[in-house]
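Chemist: Coordinates only, no sequence provided:
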Ligand SMILES: *Cc1c(COP(=O)(O)O)cnc(C)c1O
């Protein structure tokens with residue numbers, strides 16, 4: 001976007017012309033778009049639950065067929081043998097996270113994985129016990145960090161440091177994040193934050209944060225729930241220590257879908273790192289020897305506990321295949337334009353309706369390098385009422401307490417026309433209320 005600025009216009013024709021030129025336009029038809037009163041909704045909650053790819057039905061049916069046909073023998077004789085099913089996901093996950101194949105594994109769910117990684121990478125001492133987290137972390141992340149700190153006998157009021165934006169600002173400045181890391185450098189064990197904040201949609205400079213954490217003698221880990229499949233990632237090159245994510249948001253892998261982890265190569269095969277073990281983390285060659293002694297896999301697979309949930313992983317694999325086909329760079333290119341158009345149209349709303357007072361405030365950074373596809377709005381004087389009115393117009397956005405409406409046009413299946421329809425709904429709603 002930055003080196004290739006496109007002049008934007010507020011017309012349906014213009015939005016349709018962008019769709020006509022969109023090299024990814026065909027992907028929309030590969031998903032089921034929910035309908036309301038016969039019309040496809042404008043679905044802007046792919047950041048909460050991504051839509052169902054049409055192929056997921058057929059592929060899931062294939063696994064069910066193998067189960068019906070082979071019973072337990074499916075572990076070895078199924079078309080995609082269940083015993084090594086997780087291995088199918090390593091390459092697409094490595095591609096989408098910018099990792100090496102041996103650094104990633106699909107397993108469990110997000111909060112479970114966060115705990116397992118903290119077991120390995122949060123080992124507080126009297127001297128170094130603090131965790132720095134983002135401002136307003138997702139509640140589950142806060143509960144995980146809080147309970148890990150207590151588990152180790154420390155007090156979260158002393159050991160958990162929550163970053164704070166400056167007075168009157170909603171987002172964090174990188175310089176302030178780095179300064180806070182510096183400030184706590186003698187007592188810091190870990191910097192653990194989202195790659196993209198779920199409320200504001202701010203994308204953090206993971207490379208700079210990791211570098212600073214390391215310079216201060218701490219580890220750096222990221223929760224990529226809102227980053228994976230949304231922004232390009234280069235976890236290995238950024239030298240991130242560990243990361244985890246879920247697959248049901250931008251990755252479209254279904255409700256409660258299987259999560260995943262990244263563990264940097266430098267931490268693999270390090271016997272000084274503790275880990276909770278289970279049989280599926282064992283070396284593949286020795287898994288069925290049922291030995292008393294655990295021999296860990298030489299890859300991130302060592303962190304696996306149980307045999308793979310094949311049905312959930314089938315949906316995950318199908319969804320990731322579509323990311324492989326579309327390509328993360330192409331998706332990002334479209335995403336920058338989709339979100340810029342949404343921002344432009346929201347800013348084009350005539351504020352004179354509101355007697356000079358701004359109703360719609362975008363709290364997501366305006367710098368495209370500091371955000372993914374989501375824009376977060378605070379609707380002053382309307383709040384939830386605006387969210388409900390949007391629903392009635394067939395625009396599915398979401399509401400986050402206490403005052404934020406999140407809109408995430410995703411490049412995989414949202415169109416530029418969708419974005420224009422958001423404008424026309426907002427325009428209609430605000431005129432009706434204020435004129
Ligand atoms: C969505 C989300 C979760 C949800 O956790 P689950 O364990 O998958 O239920 C946790 N943390 C963040 C940052 C999220 O965005």
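Modeler: Noted; the coordinates are in hand. Because the structure is a prediction, the values reported are computed rather than measured.

Chemist: so where's the stretch 51-200 of the chain uncertain?
Modeler: Regions of the stretch 51-200 of the chain meeting the criterion pLDDT under 70 are absent.

Chemist: Name the residues of the helix or strand containing residue 179 that come out as buried.
Modeler: Assigned by DSSP states H and E, residue 179 belongs to helix 174-183. Residues of helix 174-183 classed as buried by neighbour count (16 or more other Cβ atoms under 10 Å): 177-178, 180-181. For glycine as for every other residue, the C-beta is placed from the backbone atoms N, C-alpha and C.

Chemist: any idea which of those is closest to residue 340?
Modeler: Distance to residue 340 across the buried residues of helix 174-183 (Cβ to Cβ) is lowest for residue 177, with 25.1 Å.

Chemist: Is it correct that that closest one is in contact with residue 209?
Modeler: Yes - using Cβ atoms under 8 Å, residue 177 makes contact with residue 209 at a distance of 6.0 Å.

Chemist: what sits against residue 258?
Modeler: Contact analysis of residue 258 by Cβ atoms under 8 Å, 6 or more residues apart in numbering lists 106-109, 247, 308-309, 312-313, 316.

Chemist: May I have the secondary structure class of it?
Modeler: What DSSP: H, G, I helix; E, B strand; the rest coil gives for residue 258 is coil.

Chemist: so how far is residue 317 from it?
Modeler: 10 Å (Cβ to Cβ, to the nearest Å).

Chemist: Now tell me what touches the helix holding residue 179 from outside.
Modeler: 132, 161, 163, 165-166, 188, 191, 204-205, 208-209, 212-213, 216, 218.

Chemist: now do stretch 70-88
Modeler: Contacts for stretch 70-88 (Cβ under 8 Å, 6+ apart): 62-63, 66-67, 105-107, 284, 287, 301, 304, 307-308, 310, 313-314, 317.

Chemist: Would you confirm that residue 349 contacts residue 428?
Modeler: No - counting by Cβ under 8 Å, residue 349 stays clear of residue 428, with 10.8 Å between them.

Chemist: any idea how far residue 118 lies from residue 286?
Modeler: Plainly put, residue 118 is 28 Å away from residue 286 if you go by Cβ to Cβ.

Chemist: which residues touch the residue in the stretch 251-400 of the chain positioned nearest to the ligand?
Modeler: Nearest residue of the stretch 251-400 of the chain to the ligand (Cβ to the nearest ligand atom) works out as residue 259 at 6.3 Å. Residues counted as contacts of residue 259 (Cβ under 8 Å, 6+ apart) are 106-110, 112-113, 244-247.

Chemist: again, only using 10 Å
Modeler: Counting by Cβ atoms under 10 Å, 6 or more residues apart in numbering, residue 259 touches 105-114, 224-225, 228, 244-248, 251, 253, 312, 316.

Chemist: Appreciated, that's everything.
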